[in-house]
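*Asks:* Build the 3D model from these lines:
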Amino acid sequence: MSWLRCPDPRPWATTRLVCFPHAGGSAGAYRTWGKASSPALEVHAVQYPGRADRIREPMMTDARQAARMIAAALAPLTDRPLAFFGHSMGTILAYETALLLQTKGVPPVHVFMSASPAVHLRGEGGNPADKDDDGLVSELVELGGTDAEALADPELRELVLPYVRADYRLIQKYEHRAEPRLAVPVTGLAGEADPHGTVEKVSRWAELTDGPFELRVFPGGHFYLNDRQPELLAALHGALGIPAA
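*Replies:* I've put the predicted structure just below:
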């Protein structure tokens, strides 16, 4: 099944924005972004296997392998400028996919890295995948993106936790390589109260590109984008030189 979802196709759009969800996330996290964006921007979201309408497919185990498949899926879309938005785990996949497209001569025009330490800092700290189910649920609830009451349902836990744990294993397995380097504009996006993707750690994405870097900080925590969607989308439009909707 396809890696990409686009609820609001815009054949006339001048730019395409490709969103890479967080660990345990799906393309549905960005279902409202298309209608909330300028007509000049067409929003796509990556649908990872092992969840939602791809629940029967094998889960991702390797970031670079997944990035190769995502890059192949994006090939037909490179007739117009592409920008990437990665949130949390999605930054790893956005970064690796951007490098692949760059080597093919069709780099994204801008990469937005949200709520995540720069990938060369990934070895620091523990990994939630090593926790038992209760510990993993507590981690998810603390980050603020998961309904604690929903995860108290044993049937939902049985469905959701395997792909959440697989995503964290992917993060744990990932090792950054110093070369090649990005050569495109990068914007780091952080929630000022995020205990994971702190402002300082997000700012260090500047070390991984030879292009210009900007840091934007929003009120909120790890999932600041849920409460600050209008402000975030305005920032993305501004960085892409597109008038906001």
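
*Asks:* who touches the residue lying closest to P39 once chain neighbours are set aside in this structure?
*Replies:* Computed as Cβ to Cβ, 6 or more residues apart in numbering, the closest residue to P39 that is not its neighbour in sequence is R10, at 6.2 Å. Yep, even glycine has a C-beta here, placed from its N, CA and C like the rest. Neighbour list for R10: 34, 39, 41-42 [criterion: Cβ atoms under 8 Å, 6 or more residues apart in numbering].

*Asks:* quick one, helices of the chain?
*Replies:* Secondary structure of the chain (DSSP state H): helices located at 33-36, 63-74, 90-103, 133-143, 148-151, 154-173, 199-203, 224-227, 229-240.

*Asks:* Format the CA atom coordinates belonging to the longest one as CSV.
*Replies:* The C-alpha atoms that make up helix 154-173 are tabulated as CSV, following Å, rounded to 0.1, in the frame of the first residue of the first chain:
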residue,chain,number,x,y,z
PRO,A,154,-6.6,-3.7,27.3
GLU,A,155,-7.8,-4.3,23.7
LEU,A,156,-6.5,-0.9,22.5
ARG,A,157,-3.2,-1.5,24.3
GLU,A,158,-2.9,-4.8,22.5
LEU,A,159,-3.4,-3.1,19.1
VAL,A,160,-1.4,0.1,19.7
LEU,A,161,1.6,-0.8,21.8
PRO,A,162,3.3,-3.2,19.4
TYR,A,163,3.8,-0.5,16.7
VAL,A,164,4.7,2.1,19.3
ARG,A,165,7.3,-0.2,20.7
ALA,A,166,8.6,-1.0,17.2
ASP,A,167,8.9,2.7,16.5
TYR,A,168,11.0,3.3,19.6
ARG,A,169,13.1,0.3,18.7
LEU,A,170,13.8,1.9,15.3
ILE,A,171,14.9,5.1,17.1
GLN,A,172,17.1,3.0,19.4
LYS,A,173,18.7,1.2,16.5
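
*Asks:* contacts for it?
*Replies:* Contacts for helix 154-173 (Cβ under 8 Å, 6+ apart): 23-24, 48, 50-51, 55, 59-63, 66, 89, 92, 122, 127-130, 133, 136-137, 140, 150-151.

*Asks:* quick one: that helix to helix 133-143, angle?
*Replies:* Interaxial angle, helix 154-173 versus helix 133-143 (axes from the mean of the first three to the mean of the last three Cα atoms, to 10 degrees): 80 degrees.

*Asks:* Output the helices of the chain as CSV; include the columns mean neighbour count, distance to E192 and mean pLDDT.
*Replies:* Listed next are the helices of the chain as CSV, based on neighbours: other Cβ atoms under 10 Å; distance: least, Cβ to Cβ, whole Å; pLDDT from 0 to 100:
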stretch, mean neighbour count, distance to E192, mean pLDDT
helix 33-36, 17, 22, 97
helix 63-74, 18, 28, 98
helix 90-103, 23, 18, 98
helix 133-143, 17, 15, 80
helix 148-151, 13, 23, 64
helix 154-173, 17, 23, 90
helix 199-203, 17, 6, 98
helix 224-227, 19, 8, 94
helix 229-240, 18, 13, 98
